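K.L.:
Following is a predicted model, sequence given first.
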Amino acid sequence: MKKQIKSIVILVCICLAVTALMAVTNQFTAPIIKENQAAAENAALLEVMPDGESFEKVDLSAYTLPATVSEAYKAKNGGYVVKLTTTGYSTGFVILCGVNADGTVSGVVCLESTETLGHEKTFGQNFVGKNADEADKVDTISGATKTTGAYKSAVKDALNTAIILGGGSVDIRTDEEILQDNLSAALPSAEGKFKKHFFVEVVEGVDAIYEAENKTGFVCVIGEQFIGADATGKAVTECDEASAAKVSAAIDKIGKTTVTDIDLSKYAELPSQLISAKKTATENYIIEIKGAGYGIQGGDEYHPASNEYIVIRVSMTKDGKIIDCLTVSQAETKGIGSVCAEESFYGQFDGKTEQNYLDIDAISGATMTTNGYTKAIERAFKTVKILEGGSN
Amino acid sequence: MKKNSSLSVLTNGILKENPVLVLILGTCPTLATTTNVFGAFGMGIAAMLVLICSNCLISLLRKVIPDSVRIPCYIVIIAGFVTVVQMLVQAFFPELYKMLGVYLALIVVNCIILGRAEMFASKNNVGKSALDGLGMGIGFTLALCVIATIREVLGAASFAGIAIPFLENYKIEFLVKAPGGMVVYGLVIALVYMITSGKAPKKKDFSCAGCPNASTCSSAECAKKNEEKEEI
């Protein structure tokens, strides 16, 4: 028994002595280790803001910031360094951007990424020294639109964040959010659900009409104004008499439209890509037609072709002037050719004729898609000519 | 040379009983840290520091530590010193700390340290134990550096991180991976055996008698021989 007690006591004593030794060492080394770690973190921040000297992390919970912002640091010189996480070609795209007190970019680097082409390593250089407006004008790189587009977006978010953290205010809503907010404000009874009207009539004075999905009314867009109207076309949003009259007339006109199908078998030499054609009582045409974009003509190891056509719907006057254009369906490469499904692209054809329909901005990095689309538009013009009884 | 004289104790660990190349102890850190000469050297020095300190302390306490709890005691002492070394390296050599990573903490279970505590420090005075720790530490560091030099120069065309441009196109990357490490290790062991043939303990016997731990092992066969050494 004595042997065992002695063993235990000695072991405990040794443990205590060794623990004391470790505690003493820790007293001396812990502060140094902490300093080293802070310096390492500081090093990354200094790289994007060399004049920053020292940085303090900012508590972001009190602010509404762009979704990409993950961390922000206030520099001693009044600037901010913002850490952003976004998605370029792939997720996990981390960017550190420094913004000086005067609103210009002090430096920007990519901390982590799994992008494929490597542009994210050098693209940041284009933004150094630029303010928000100049940064907006920096061109993305064709063929690396996703990477460079996301990078540019992140830098703009950083610039906006610096303004917000500095006490200013900036509209960080996306275009879609702004549109949705405007529509809901104009017609609250629609409960936020709207469908954009496809014009088959020439409607003067109104740029766009959105129908409430629950049929409680419409919202007409005249320039910057969003005017809500009830189902009869009476304006419910405050506006001047002229606008109210335009709204009323427009809704009246689109309500009176009648559309009949055209029997295509009666016509010779119609383009084979034609799907359907309809005529309105006002002698306008609604053409649905296919175009061969990347999905049919393209295809390589990175971007397989979908084997699907782009289907568009075009409404046109009998004189060959486009009233409205819409992409019905497409299976072009996501993020590249699929941009043809966005209104910012197909909206360009509104009002165009056979003389100027090519006077539009092509989709960056998606020539096949653009060409397939414009070819379809060209065939739509030809179709209307044939249907009108002219020659090909 | 008088056996067990101070000088022989020191030089023992460098070649004749080199822990890595003759006693085949500490192979894990050997394979792991020899991809870079800087890392190998750092590991060697860190292990040597722990070895000297633990050898000294254990030797000082050899009459106090009861045989029945000797292993836990040794481990607590060794772990304590490793923790101290870890803290010192992290504070004063952060790049080395990052390079060694988890292998710094694993010095605790490095067979060399526990082995020498058992084989030497528990049976000899402080002076000789310190020299043994120094000798074994130097031997460990040298062995690591030799293997690291071969692996890094031929496998990564650099030395301690400094690139060697004209070898860049001839590097054999296999050498910096695990299998390459084992191959180089084996070859260096063979080389050392060739150099020391006749002077190193001849391993004719592959059973317990030929084991370097024979004098302190407590397994059935060797225990009979060691019974008289049991102390209260």
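P.N.:
Sure thing, it's come through.

K.L.:
Which residues of chain B lie near chain A?
P.N.:
Selection of chain B residues close to chain A by CB under 8 Å from any CB of the partner chain yields B:61, B:64-66, B:68-69, B:72-73, B:76-77, B:79-80, B:83-84, B:87-88, B:90-92, B:94, B:232. Every residue, glycine included, has its C-beta placed from N, CA and C.

K.L.:
let's see 7 Å
P.N.:
Counting by CB under 7 Å from any CB of the partner chain, the residues of chain B close to chain A are B:64-66, B:68-69, B:72-73, B:76-77, B:80, B:83-84, B:87-88, B:90-91, B:94, B:232.

K.L.:
among these, which ones are buried?
P.N.:
Buried by 16 or more other CB atoms under 10 Å in any protein chain shown: B:65-66, B:69, B:73, B:76-77, B:80, B:83-84, B:87-88, B:90-91, B:94, out of the residues of chain B next to chain A.

K.L.:
List the residues that contact the closest residue to residue B:35 other than its chain neighbours.
P.N.:
Counting by CB to CB, 6 or more residues apart in numbering or on different chains, residue B:35 lies nearest to residue B:176, which is 4.8 Å off, once chain neighbours are set aside. Contacts for residue B:176 (CB atoms under 7 Å, 6 or more residues apart in numbering or on different chains) come out as B:35, B:151, B:155-156.

K.L.:
Tally up the residues packed near the one residue in the stretch 201-350 of chain A that gets nearest to chain B, please.
P.N.:
For the stretch 201-350 of chain A and chain B, the shortest gap (CB to the nearest CB) falls at residue A:301, measuring 27.4 Å. Residue A:301 is flanked by 5 other residues according to other CB atoms under 10 Å in any protein chain shown.

K.L.:
With residue A:114 instead?
P.N.:
Residue A:114: 11 neighbours (other CB under 10 Å).

K.L.:
Wait, it touches residue A:92, no?
P.N.:
Yes: between residue A:114 and residue A:92 there is a contact at 5.6 Å, judged by CB atoms under 7 Å.

K.L.:
What residues are bridge-paired with residue A:311?
P.N.:
Note on residue A:311: beta-bridge partners residue A:290, residue A:329, judged by DSSP bridges.

K.L.:
Check the average confidence over stretch A:378-392, would you?
P.N.:
On average, the pLDDT along stretch A:378-392 is 82.

K.L.:
Please give the centre-to-centre distance between that stretch and its chain.
P.N.:
For stretch A:378-392, the separation from the chain centroid amounts to 36 Å (computed by CA atoms, centre = their mean, to the nearest Å).

K.L.:
ends of stretch A:192-205, how far apart?
P.N.:
Length of stretch A:192-205, first residue to last, CA to CA, to the nearest Å: 24 Å.

K.L.:
List the buried residues in that stretch.
P.N.:
Buried, per 16+ other CB under 10 Å, within stretch A:192-205: A:194, A:196-197, A:199-201, A:203.

K.L.:
Equivalent analysis for stretch A:299-316, please.
P.N.:
Per 16+ other CB under 10 Å, stretch A:299-316 contains these buried residues: A:305-306, A:309-316.

K.L.:
Okay, and which of those map to strands?
P.N.:
A:310-316 (DSSP state E).

K.L.:
now the host helix or strand of residue A:368 and strand A:310-316, what's the angle there?
P.N.:
Assigned by DSSP states H and E, residue A:368 belongs to helix A:367-387. Compare the direction of helix A:367-387 with that of strand A:310-316 by axes from the mean of the first three to the mean of the last three CA atoms, to 10 degrees and you get 40 degrees.

K.L.:
Which other helices and strands does helix A:367-387 contact?
P.N.:
With contacts taken as 3 or more CB pairs under 7 Å, 6 or more residues apart in numbering or on different chains; DSSP states H and E, helix A:367-387 sits against strand A:274-280, strand A:285-291, helix A:294-297, strand A:310-316.

K.L.:
Dump those into a markdown table; add mean pLDDT as well.
P.N.:
Shown next, in a markdown table, are the helices and strands packed on helix A:367-387 (pLDDT from 0 to 100):
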| stretch | mean pLDDT |
| --- | --- |
| strand A:274-280 | 91 |
| strand A:285-291 | 93 |
| helix A:294-297 | 89 |
| strand A:310-316 | 93 |
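
K.L.:
For the ones you listed, could you give me CSV that also reports distance to residue A:236?
P.N.:
Formatted as CSV, those follow (distance: least, CB to CB, whole Å):
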stretch, distance to residue A:236
strand A:274-280, 28
strand A:285-291, 30
helix A:294-297, 43
strand A:310-316, 28
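
K.L.:
hang on, isn't residue B:59 packed against residue B:120?
P.N.:
No: if you go by CB under 7 Å, residue B:59 and residue B:120 don't touch, sitting 8.3 Å apart.

K.L.:
Contact residues of chain A facing chain B?
P.N.:
A:3, A:6-7, A:10-11, A:14-15, A:18, A:21-22, A:25-26, A:29, A:32-33, A:36.

K.L.:
ok, whichever residue of chain B sits closest to chain A to residue A:65 distance?
P.N.:
Closest residue of chain B to chain A, CB to the nearest CB: residue B:80 (3.4 Å). For residue B:80, the distance to residue A:65 (CB to CB, to the nearest Å) stands at 48 Å.
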